[in-house]
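Visitor: From the sequence below, what's the structure:
(chains A and B)
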There are 2 protein chains.
Amino acid sequence: MRATLIYGAGDIRVEDVPDPVLHEPTDALVRVLRSCICGSDLWPYGSRPASEQGDRIGHEFLGVVEDTGADVSGLKAGDVVVAPFVWADNTCDFCREGLQTSCRHGGFWGANGVDGGQGEAVRVPQAQGTLVKLPVGEDSALLPSLLSLSDVFPTGHHCAVTAGVGPRTTVTVIGDGAVGLCAVLAAKRLGAEQIILMGRHQGRTDLGRDFGATDVVAERGEEGVAKVLELTGGDGTHAVLECVGLRPAIETAFAVARSGGTVSRVGAPQYPEVPMGFEEFRRNVTLTGGIAPARAYIEELLPDVLAGEVEPGRVFDTVIGLDEVPAGYRAMADRTALKVLIRP
Amino acid sequence: MRATLIYGAGDIRVEDVPDPVLHEPTDALVRVLRSCICGSDLWPYGSRPASEQGDRIGHEFLGVVEDTGADVSGLKAGDVVVAPFVWADNTCDFCREGLQTSCRHGGFWGANGVDGGQGEAVRVPQAQGTLVKLPVGEDSALLPSLLSLSDVFPTGHHCAVTAGVGPRTTVTVIGDGAVGLCAVLAAKRLGAEQIILMGRHQGRTDLGRDFGATDVVAERGEEGVAKVLELTGGDGTHAVLECVGLRPAIETAFAVARSGGTVSRVGAPQYPEVPMGFEEFRRNVTLTGGIAPARAYIEELLPDVLAGEVEPGRVFDTVIGLDEVPAGYRAMADRTALKVLIRP
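Guide: Reported below is the predicted structural model:
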């Protein structure tokens, strides 16, 4: 079969790889219907050291079960399923607490002999715990939004939930990438009163307005902070959803958080330290969030997606075939694409 | 009257100052029955630049109302009252959210013309919101525990509450000072299953065991972390209560936090940055806490103190008169005293 590998910064290749086979009785084989490129794929795309041997890449996919191991129940060939971006048994103590990203028997796609999602098929470890069956056909018009349940929509939702977003909450979302836009959508769905989106790409912030942003702040740094404070009577917002992962974003996040408020971050931090000294202490500001346990949220978000009440799939503005994946990475890195959908 | 002033690092003096008088109709005058020295008083005691003019100091006191302004209702001369360590109107939006430390009309003792607590009397601004009436006489044996409601017990409680301590929670408390011990007491009161106290002063950790610590770890740094992990099956604890405020303490806190867990800090941070990079993100570790809104918790904690079900006043191991306050500071700085009670 064909699959995507990364050989170094800027070096993405689609190659022939061995067809996946069942290794463990808890495995399933899934033929990929839709995959996509994640903002977090751009970190290795920007910085991975070059090597002779490539690594499989991609962690978001939706597909059709082709075969299951002897210990897998509840799934059968022909089922349409979505996979969260971390695989997990969904039964250990961490999974039961809703933290499947810390599963005692789970792991990441594209690592330690596990396939990546940007290919024609995937061997899914811990399939019964990992995969969620979708009541749709292979040709459903909902596939893009259902694929977003793999990562980007639950990640935005995790950001909003851990920040305590609910009715009467004021929210700032930092970042107009696909995760930031899904954070807007999640905050709206949870009943937030005011949603200020900080972003400067108008096509994206326009979608953010469609998703529920009440205000858009295009300024950055001190100017951006001043704008958010102006929009909130000088106080900042109860919740700040940091969907970037860079140091200026987390600095802005604390500056626009209301006293007693919460900053949640879901952009993988590209910084080792966080500016939380006496001032944040005096104002009782919390920092929460982290890598989103997408699996914990799929069943909760699925009905609204199926009903068309939310359309997170609108973040996909570019659709490509598998052989175009290298161009897809370039488009996302150059910001000519918001988020790229792959039809293998 | 006599009151305590700080003139510089190590320079504490008890001097004659003008008797307080009512300035605003929202003021009350309180004759101080008991005051005390706080671990946080040791920061200026250790580092304040020397000056010709001293500043009033002390922010924990309990006393008798002597007079009230025209706008103060619910309080009258003769009432025994306790003051939280930040004064507040208790009616603004922040106060209604339980964040009286961010009150829109509040402030700190010993600053901007407001008296400090380590003196014979205090003019109390926003008296109706600030003071809590206590149903005891001036000679009650409960005064030390009731005085602890001013700061140290609610501070430990805030740490435990914001860290999410409850039944089935495992807890690490870092620091065996008076706040750390009160955090142990608060965690026990909230039903924590396991309470590991990190501290190396045996007299203090023995009191910690009395307060509910199930384990004591005397080691520090990596050795201490290894011990806590050993006591928790390698996982760390759900809640980590950081009651010190120094960089090694917050580093230890993250290292002993379970994935998905919460670090709460109530020791005023003597560091500008917090080590929360990718590893804490991957493990979904939260940092919360801050300066404790003691006022928010006094009514909740008071009944247990009155019933003798908790005895936070046991943290006072030294009792002095007002003229001995300079020696009291020395004793706390030298760690020969855990916490010093003052009878003016």
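Visitor: Show me what from the stretch 51-200 of chain A comes close to chain B.
Guide: Proximity of the stretch 51-200 of chain A to chain B, by Cβ under 8 Å from any Cβ of the partner chain, involves residues A:Phe94, A:Glu97, A:Leu99, A:Thr101, A:Ser102, A:Thr162. C-beta here means a position set from N, CA and C on the backbone, and glycine is covered the same way.
Visitor: most neighbours, which of those?
Guide: For those, neighbours were counted using other Cβ atoms under 10 Å in any protein chain shown, and A:Thr101 has the most, 26 neighbours in all.
Visitor: what's near enough to touch that residue?
Guide: Residues near A:Thr101 by Cβ atoms under 8 Å, 6 or more residues apart in numbering or on different chains: A:Val86, A:Ala88, A:Gly290, A:Ile291, A:Ala292, A:Pro293, B:Arg282, B:Asn284.
Visitor: again with A:Ala257
Guide: Counted by Cβ under 8 Å, 6+ apart, A:Ala257 has contacts A:Thr172, A:Gly236, A:Thr237, A:Val240, A:Val263, A:Arg283, A:Val285.
Visitor: Need the residues you listed in TSV (columns: neighbour count, secondary structure and pLDDT).
Guide: Listed next are the contacts of A:Ala257 as TSV, based on neighbours: other Cβ atoms under 10 Å in any protein chain shown; DSSP: H, G, I helix; E, B strand; the rest coil; pLDDT from 0 to 100:
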residue	neighbour count	secondary structure	pLDDT
A:Thr172	33	strand	98
A:Gly236	25	coil	98
A:Thr237	27	strand	98
A:Val240	32	strand	98
A:Val263	28	strand	98
A:Arg283	19	coil	98
A:Val285	24	coil	98
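Visitor: Out of those, which comes closest to B:Glu299?
Guide: A:Arg283 (23.8 Å; Cβ to Cβ).
Visitor: quick one, phi psi at the closest one?
Guide: Note on A:Arg283: its backbone torsions stand at phi -100, psi 10 [degrees, to the nearest 10].
Visitor: Quick check: it touching B:Ser102?
Guide: Yes: counting by Cβ atoms under 8 Å, B:Ser102 is a contact partner of A:Arg283 at 6.5 Å.
Visitor: Between these two, which contacts overlap?
Guide: Contact criterion Cβ under 8 Å, 6+ apart; residues bridging A:Arg283 and B:Ser102 by contacting each: A:Ser259, A:Gly260.
Visitor: Would you agree A:Leu181 is in contact with A:Val315?
Guide: Yes: between A:Leu181 and A:Val315 there is a contact at 5.6 Å, judged by Cβ under 8 Å.
Visitor: what do the two both touch?
Guide: A:Leu207, A:Leu338.
Visitor: Just want to know which of these two has more residues nearby.
Guide: With neighbours defined as other Cβ under 10 Å, A:Leu181 and A:Val315 compare such that A:Leu181 has more, 31 against 26.
Visitor: got the contact list for that one?
Guide: By Cβ under 8 Å, 6+ apart, the neighbours of A:Leu181 are A:Gly156, A:Arg204, A:Leu207, A:Gly208, A:Phe211, A:Val315, A:Leu338.
Visitor: Out of those residues, who's the most crowded?
Guide: Busiest of those [other Cβ under 10 Å] is A:Gly156, holding 32 neighbours.
Visitor: Would you confirm that it belongs to a helix?
Guide: Yes: assigned with DSSP: H, G, I helix; E, B strand; the rest coil, A:Gly156 falls within a helix.
Visitor: Can you tell me how far the residue nearest to A:Asp71 when sequence neighbours are not counted is from chain B?
Guide: What sits nearest to A:Asp71 in space, not counting adjacent residues and going by Cβ to Cβ, 6 or more residues apart in numbering or on different chains, is A:Pro25, at 4.0 Å. The spacing between A:Pro25 and chain B, counted by Cβ to the nearest Cβ, to the nearest Å, is 27 Å.
Visitor: Any stretches of chain A with poor pLDDT?
Guide: Chain A contains no residues with pLDDT under 70.
Visitor: Spell out for me which residue occupies the centre of it.
Guide: In chain A, the residue lying closest to the centroid (Cα atoms, centre = their mean) is A:Val152, at 2.7 Å.
Visitor: residues contacting it?
Guide: Going by Cβ under 8 Å, 6+ apart, A:Val152 touches A:Cys38, A:Glu60, A:Ala178, A:Val179, A:Cys182, A:Pro312, A:Val315, A:Lys339.
Visitor: and A:Ile174, how many neighbours?
Guide: 29.
Visitor: Kindly report the same for A:Ala239.
Guide: A:Ala239: 31 neighbours (other Cβ under 10 Å).
Visitor: That one falls within a helix, correct?
Guide: No: counting by three-state DSSP, A:Ala239 is not part of a helix but strand.
Visitor: before we move on, back to that, quick one, what contacts the residue nearest to A:Asp71?
Guide: Contacts of A:Pro25 (Cβ under 8 Å, 6+ apart): A:Gly69, A:Ala70, A:Asp71, A:Val72.
Visitor: A:Arg123 versus that one, what's the distance?
Guide: Relative to A:Arg123, A:Pro25 is positioned 13 Å away (Cβ to Cβ, to the nearest Å).
Visitor: Now do the strands in the stretch 51-200 of chain A.
Guide: A:55-56, A:61-68, A:80-83, A:86-87, A:107-108, A:121-124, A:132-133, A:170-174, A:194-198 (DSSP state E, counting those that start in this stretch).
Visitor: Let me know which of these is tucked in deepest.
Guide: Comparing the strands of the stretch 51-200 of chain A by mean neighbour count (mean count of other Cβ atoms under 10 Å in any protein chain shown), strand A:170-174 ranks first with a mean of 30.
Visitor: That one pairs with which strands, parallel or anti?
Guide: The pairing partners recorded for strand A:170-174 under DSSP bridges are strand A:194-198 (parallel), strand A:237-242 (parallel).
Visitor: Dump that strand to CSV, keeping only the CA atoms.
Guide: Presented in CSV, the C-alpha positions along strand A:170-174 are these (Å, rounded to 0.1, in the frame of the first residue of the first chain):
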residue,chain,number,x,y,z
THR,A,170,-16.5,35.3,28.6
VAL,A,171,-13.8,33.7,26.4
THR,A,172,-10.8,34.7,24.5
VAL,A,173,-9.5,32.3,21.8
ILE,A,174,-5.9,32.9,20.8
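Visitor: Name all residues that make contact with A:Val122.
Guide: Contacts of A:Val122 (Cβ under 8 Å, 6+ apart): A:Pro20, A:Leu29, A:Val30, A:Val32, A:Phe61, A:Gly63, A:Ala83, A:Trp109, A:Asp115, A:Gly116.
Visitor: Relative to B:Pro303, which of those is nearest.
Guide: Using Cβ to Cβ, those come closest to B:Pro303 at A:Ala83, 52.0 Å.
Visitor: Hmm, the closest one is touching A:Leu131, no?
Guide: Yes: under the criterion of Cβ under 8 Å, A:Ala83 makes contact with A:Leu131 at 5.8 Å.
Visitor: residues shared between the contacts of the two?
Guide: Joint contacts of A:Ala83 and A:Leu131 (Cβ under 8 Å, 6+ apart) are A:Val30, A:Val124.
Visitor: can you list the domains in chain A?
Guide: A:2-151+A:293-343, A:156-289 (automatic domain parsing).
Visitor: got the residue ranges for the helices in the stretch 1-150 of chain A?
Guide: Taking DSSP state H, counting those that start in this stretch, the helices of the stretch 1-150 of chain A run over residues A:42-47, A:93-96, A:127-130, A:143-147.
Visitor: of these, which approaches B:Glu324 most closely?
Guide: Using Cβ to Cβ, the nearest of the helices of the stretch 1-150 of chain A to B:Glu324 is helix A:93-96, at 53.2 Å.
Visitor: What residues does A:Val173 make contact with?
Guide: Here A:Val173 is in contact with A:Gly180, A:Ala183, A:Val184, A:Ala187, A:Ile195, A:Ile196, A:Leu197, A:Met198, A:Gly208, A:Ala213, A:Leu241, A:Cys243 (criterion: Cβ under 8 Å, 6+ apart).
Visitor: burial measure for the nearest residue to A:Pro167 once chain neighbours are set aside, as a count.
Guide: Distances taken as Cβ to Cβ, 6+ apart put A:Gly191 closest to A:Pro167, at 3.9 Å, once the chain neighbours are dropped. Neighbours of A:Gly191 under the rule other Cβ under 10 Å: 11.
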